[in-house]
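Enquirer: Provided below for reference: sequence and predicted model.
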Amino acid sequence: MTAAELPAVGTAVRDTGSDRVGVVMAHEGPYVQLRPLLGGLEWDAAPDALVPLDSGERLRAHVAELNARSRRPIR
């Protein structure tokens, strides 16, 4: 994905630079701000490192995040 093809806010994407999945929150300068599907800290990603997720990939990523959170100790 190039800077000319920036994903819309709310689009679920895979950041191939960090191998993380997130939702586009904003476009700032040459970067796209992403946030994990279930919320959390945003990170910057290069537009050419983003790949849009289809509905199946988004569901798998969402379930993986839920499973990871369920294994964390309760504070």
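Expert: Alright, I've got the coordinates.

Enquirer: so which residue is smack in the middle of this structure?
Expert: With distances taken as Cα atoms, centre = their mean, the residue of the chain nearest its centroid is G22 (1.2 Å).

Enquirer: so that one is in which element?
Expert: G22 is part of strand 20-28, with elements assigned from DSSP states H and E.

Enquirer: that strand: how far from the chain's middle?
Expert: Relative to the centre of its chain, strand 20-28 is centred 5 Å away, using Cα atoms, centre = their mean, to the nearest Å.

Enquirer: same check, this time on stretch 26-34
Expert: Distance of stretch 26-34 from its chain centroid, counting by Cα atoms, centre = their mean, is 12 Å.

Enquirer: send me it as CSV with only the CA atoms.
Expert: Provided in CSV are the C-alpha atoms of stretch 26-34 (Å, rounded to 0.1, in the frame of the first residue of the first chain):
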residue,chain,number,x,y,z
ALA,A,26,-5.4,8.5,11.8
HIS,A,27,-3.0,9.7,9.1
GLU,A,28,-0.2,11.9,10.4
GLY,A,29,2.5,13.1,8.1
PRO,A,30,4.1,10.1,6.2
TYR,A,31,2.7,7.6,8.8
VAL,A,32,-0.5,5.9,9.6
GLN,A,33,-1.5,5.5,13.3
LEU,A,34,-2.7,2.1,14.2
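
Enquirer: now do the buried residues in that stretch.
Expert: 32-34 (16 or more other Cβ atoms under 10 Å). C-betas here are computed from N, CA, C, even on glycine.

Enquirer: show me what the next helix or strand after the strand holding G22 is packed up against.
Expert: Downstream of strand 20-28, the next assigned helix or strand under DSSP H and E is strand 31-35. Using 3 or more Cβ pairs under 8 Å, 6 or more residues apart in numbering; DSSP states H and E, the elements in contact with strand 31-35 are strand 12-15, strand 20-28, strand 43-45.

Enquirer: cool, thanks, signing off.
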